[in-house]
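Engineer: Predicted structure and sequence below. I'll ask about it afterward.
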Amino acid sequence: MTSHRLPPELLSNSEMAEADRLTIASGVPGYALMENAGAAVALEASWLAPRHGRIVVLCGPGNNGGDGFVAARLLKARDFSVTLGLLVSIDALRGDAAAAARAWNGEITAIEALDLDAADLVIDALFGAGLARDLDGPARAAVDRLNAFSRERKKPVLAVDVPSGIDGTSGQVRGVAVWASKTITFFRRKPGHLLLPGRLHCNETIVADIGITSAVLDVVRPATQANEPEVWGGLYPVPRIDGHKYARGHALVLSGDLAHTGAARLAARGALRAGAGLVTIATPREALGAHAAALTAIMTAVCDGPEELAAILEDGRKNALVLGPGLGVGAATRALTLSALAPASRAKILDADALSSFKGDAFSLAQAIRGSGGPVVLTPHDGEFARLFGDLSADDERRWLKSDADPETLQKRLNGLRSVSKLERARAAAALAGAIVLLKGPDTVVAHPDGRAMIDDTSPPWLATAGSGDVLAGMIAGLCAQSMPPFEAASAAVWLHGAGARHFGPGLVAEDIPESLPAVLRALFQSFGLTFP
Ligand SMILES: NC(=O)C1=CN([C@@H]2O[C@H](COP(=O)(O)OP(=O)(O)OC[C@H]3O[C@@H](n4cnc5c(N)ncnc54)[C@H](OP(=O)(O)O)[C@@H]3O)[C@@H](O)[C@H]2O)[C@H](O)CC1
Ligand SMILES: [K+]
């Protein structure tokens with residue numbers, strides 16, 4: 001049975017293997033899981049192909065291929081014209097896959113001898129969770145042929161579990177990968193269904209129930225989830241009728257000089273629309289007039305350097321701070337950032353130039369973060385991430401390694417910064433910095449130092465526009481100001497940001513994002529069961 005509401009948990013290949021193992025240990029035979037998987041694939045295929053249409057099934061050497069054999073048998077029994085190609089010799093199949101092949105009552109053709117051209121649908125059952133290295137040789141040739149077929153013939157390709165060549169855990173292409181029109185995975189999605197480029201290769205992903213119960217999740221405890229309101233909705237600071245603006249916090253946004261004031265206003269507007277009770281822009285005196293002329297509900301304060309910032313921050317009611325957008329890269333921003341990280345319980349959101357000003361010296365930033373008390377959220381895009389955490393010099397690495405009693409774990413994290421997986425890079429940075437790391441992009445990852453992570457796949461392409469990151473930083477501050485825990489606040493802000501952009505539609509500019517929030521919030525609160533007068 002396929003389900004259209006996709007559960008948020010995302011399982012890595014090893015977590016999925018654990019779910020599998022627990023299910024089999026509880027008495028469900030592995031072959032029964034394969035039969036269920038194959039049946040779900042066959043059902044989906046029967047909707048994608050015309051009645052009695054021609055279906056080609058490409059089977060690989062492992063259990064992904066086993067699912068293909070089961071699907072082929074069931075489709076043939078439903079009077080589809082099924083041709084099956086196998087990548088290896090039938091003697092190479094083992095275990096459940098060999099059993100599924102024995103139950104197949106049709107011909108088996110060598111993949112290179114297969115005629116794809118007449119197919120109405122191709123099922124890709126070459127490789128799934130067991131993909132262990134880059135595809136080459138005959139496997140690569142099979143994927144190339146399949147991609148040429150779908151490109152030229154415009155016929156659907158249904159991928160079993162993942163498009164072959166995509167690593168389910170990282171979403172990376174291993175050499176080459178199938179471009180599917182639909183992907184059917186089992187029990188839960190994998191990170192690679194949401195991360196790029198995997199998500200693009202999957203096209204639409206659906207989830208089939210194959211008899212693994214959600215009870216196994218209590219043991220597996222997957223660390224990664226899709227960024228959906230059901231994950232953080234319970235912690236969302238819904239305004240209360242008996243609340244007042246002082247209970248909804250006070251966000252402070254630092255402004256750049258006279259030539260760079262817009263970024264702070266975008267962030268401040270994001271904070272205000274996300275529900276902060278009060279919002280103040282702390283600005284260099286020279287830019288006060290520019291802000292005053294452009295602002296109404298947002299307040300201003302003068303801040304010409306780290307000392308003045310420290311004085312402003314003596315007011316503990318200012319409980320969320322955004323620093324970075326429009327500040328400029330260099331020693332002055334570095335000094336402001338260190339001043340902002342003085343010990344205090346407020347949430348600090350460091351973005352853009354606040355991050356780039358620590359280029360090649362993430363260690364110093366991390367030291368300041370660790371001493372700062374309250375939660376810190378770093379919001380780099382890929383370029384800022386690479387500036388901050390990429391190419392650590394041998395000297396830097398030594399400083400990190402000397403800073404902790406457990407050099408082995410530290411080394412693993414330092415290596416993680418260079419991982420091909422965006423998820424692992426964000427996780428490693430979060431653990432090293434002791435901060436929540438929100439690594440932006442079309443597949444934004446939010447990682448907590450404790451290993452939890454969220455992957456967002458809800459942003460439309462037109463959200464990549466100048467200033468949209470400034471608005472996002474402000475929205476995170478707006479939610480933190482209302483005492484939403486920072487990991488959930490960062491995740492919720494990413495989701496609202498995407499939802500705002502979807503609501504507005506193409507042509508969006510950054511200024512439109514905060515203005516789209518009322519409609520998005522109304523729908524969100526309605527989904528929480530709230531009613532409006
Ligand atoms: N998880 C579940 O509950 C269920 C999953 N099912 C399906 O099973 C696959 C996973 O099956 P598995 O056998 O572990 O792995 P694969 O079928 O993906 O592939 C393993 C074989 O592929 C060889 N391999 C790996 N990489 C390459 C490569 N680059 N080139 C060539 N060959 C490769 C590997 O060979 P080794 O030499 O590495 O040993 C294996 O022979 C899952 O995706 C689901 O579709 C069950 O059917 C239902 C339950
Ligand atoms: K596959």
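Structural biologist: Here it is on my side, so go on. Ligands and ions are numbered 1, 2, ... in the order given.
Engineer: Residue 478 - how many residues pack around it?
Structural biologist: 34 (other Cβ atoms under 10 Å). Yep, even glycine has a C-beta here, placed from its N, CA and C like the rest.
Engineer: And for residue 91?
Structural biologist: By the criterion of other Cβ under 10 Å, residue 91 has 7 neighbours.
Engineer: Below-threshold pLDDT in this protein: ranges please.
Structural biologist: Flagging of the chain using pLDDT under 70 yields the residue ranges 1-4.
Engineer: Show me which residues of it sit near ligand 2.
Structural biologist: By the rule Cβ under 5 Å from the ion, the part of the chain lying against ligand 2 is 124, 128, 159, 160, 164.
Engineer: Now stretch 74-93: buried residues?
Structural biologist: By neighbour count with 16 or more other Cβ atoms under 10 Å, stretch 74-93 contains the buried residues 74, 75, 76, 80, 82, 83, 84, 85, 86, 87, 88, 93.
Engineer: Identify the residue nearest residue 62 in space, chain neighbours excluded?
Structural biologist: In this structure, residue 62 finds its nearest non-sequential neighbour in residue 130, 4.6 Å apart by Cβ to Cβ, 6 or more residues apart in numbering.
Engineer: mind checking how far residue 400 is from residue 376?
Structural biologist: Distance, residue 400 to residue 376, using Cβ to Cβ, to the nearest Å: 18 Å.
Engineer: Between these two, which has more neighbouring residues?
Structural biologist: For residue 400 versus residue 376, neighbours defined as other Cβ under 10 Å are more numerous around residue 376 (25 against 18).
Engineer: Show me what that one bridges to in the sheet.
Structural biologist: Note on residue 376: beta-bridge partners by DSSP bridges are residue 348.
Engineer: Verify the stated contact: it with residue 437.
Structural biologist: No - the criterion here is Cβ atoms under 8 Å, and residue 376 misses it with residue 437 at 9.6 Å.
Engineer: now check stretch 140-154, is it near ligand 1?
Structural biologist: No - if you take Cβ under 6 Å from any ligand atom as the test, stretch 140-154 misses ligand 1, and the best it gets is 8.1 Å.
Engineer: how far does that stretch sit from the chain's center?
Structural biologist: 29 Å (Cα atoms, centre = their mean, to the nearest Å).
Engineer: Kindly report the same for stretch 149-163.
Structural biologist: Mean C-alpha position of stretch 149-163 versus that of the full chain (Cα atoms, centre = their mean) differs by 24 Å.
Engineer: List the buried residues in it.
Structural biologist: 149, 150, 155, 156, 157, 158, 159, 160, 161, 162, 163.
Engineer: just stretch 169-185 next, same as before
Structural biologist: Within stretch 169-185, the residues that count as buried by 16+ other Cβ under 10 Å are 169-174, 176-185.
Engineer: again with stretch 97-109
Structural biologist: 97, 99, 100, 101, 104, 108.
Engineer: Return the closest of those with respect to ligand 1.
Structural biologist: Nearest to ligand 1 among those is residue 97, at 6.6 Å by Cβ to the nearest ligand atom.
Engineer: And the closest residue to residue 273 other than its chain neighbours, how close does it get to residue 291?
Structural biologist: Leaving aside its sequence neighbours, residue 273 sits nearest to residue 514 (Cβ to Cβ, 6+ apart; 3.9 Å). Remark: distance between residue 514 and residue 291 (Cβ to Cβ) = 16 Å.
Engineer: Neighbour count: the two, which is higher?
Structural biologist: residue 514 (24 against 21).
Engineer: residue contacts, that one?
Structural biologist: Going by Cβ atoms under 8 Å, 6 or more residues apart in numbering, residue 514 touches 266, 269, 270, 272, 273, 274, 471, 474, 475, 500.
Engineer: The fourth one: which element?
Structural biologist: Spelled out, it's residue 272. In this structure, residue 272 sits in helix 262-273 according to DSSP states H and E.
Engineer: mind checking how far the nearest residue to residue 278 once chain neighbours are set aside is from residue 301?
Structural biologist: Of all residues not flanking residue 278 in the chain, residue 250 sits nearest, at 4.3 Å (Cβ to Cβ, 6+ apart). Counting by Cβ to Cβ, the gap between residue 250 and residue 301 amounts to 11 Å.
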